[in-house]
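**Q** build me a model from this:
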Amino acid sequence: MTQRSLNLDDNLYQYLLDISLRESPLLQRLREETARLPMARWQIAPEQGQFMALLVQLTGARKILEIGTFTGYSALCMAQALPADGRLLCCDLPGDYNAIAERYWYEAGVSERIELRLAPALETLSALVRGGQGESFDLIFIDADKANYPVYLEHALVLARQGGLILFDNVLWSGRVLEQSPDSADTRAIQALNRTLKRDQRIDLSMLPLGDGLSLCRKR
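**A** This is a model prediction of the structure:
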């Protein structure tokens, strides 16, 4: 028995995947195609995608916002877990990878559930607030430019409904959050976000050592 989270070596991690991952052939194909891209490191872990799909089902989410979509793996996981009338709004910048995401969403039969808005995310978030969509999202997943994480938090708290979930990816940042005087603005922003979440009384919080670190925030 242990009183702390296990450190997964390669063998134990492979066991976790072998014994629990239910990744469809389509999702696996998307992940493998993404792995060949120069920005492949942006891809979430498959077990994280499965966990997020379970969160969609557990919360009964019908309206989801994703900030940072890349090739659409996480969006596909969540969209497949939505009810038929559920909707997912994805925010990303224009790039060659947009077409990959849309191709797999179409093949999976969920493209009608997903809207992809290609613009700076802060512009899209401000437009949503101006459009009266405050407190309307059941789940918000944030996996975009790290320097804006603290700003994304404030927008997410406006857009999430009471009791809704806000998820932040990469909160352990491959261990770089331990740096005392980081040169990277991204590292400093994640450190600032983590400190803010710890003391923010507007949310309930749990940070999980899943993938590169995933913080779950329930809006009170």
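**Q** contacts, neighbours, all on C-alpha from now
**A** OK.
**Q** let me see the contact set for Gln133.
**A** Leu159 (Cα atoms under 8 Å, 6 or more residues apart in numbering).
**Q** is it true that it lies in a strand?
**A** No: with DSSP: H, G, I helix; E, B strand; the rest coil as the criterion, Gln133 is located in coil rather than a strand.
**Q** mind checking how far it is from Lys146?
**A** In this view, Gln133 and Lys146 are 24 Å apart by Cα to Cα, to the nearest Å.
**Q** same check on Asp200?
**A** Separation of Asp200 from Lys146 (Cα to Cα) stands at 19 Å.
**Q** could you do Ile166 as well?
**A** As judged by Cα to Cα, Ile166 and Lys146 stand 15 Å apart.
**Q** please report phi then psi for the residue nearest the centre of the chain.
**A** For the chain, the residue nearest the mean C-alpha position is Phe141 (3.8 Å; Cα atoms, centre = their mean). For Phe141, the backbone dihedrals (degrees, to the nearest 10) come out as phi -110, psi 130.
**Q** show me what it is bridged to.
**A** Assessed by DSSP bridges, Phe141 has beta-bridge partners Glu66, Leu167.
**Q** I figured it was touching Thr69, is that so?
**A** No: contact criterion Cα atoms under 8 Å: Phe141 and Thr69 do not qualify, at 9.5 Å.
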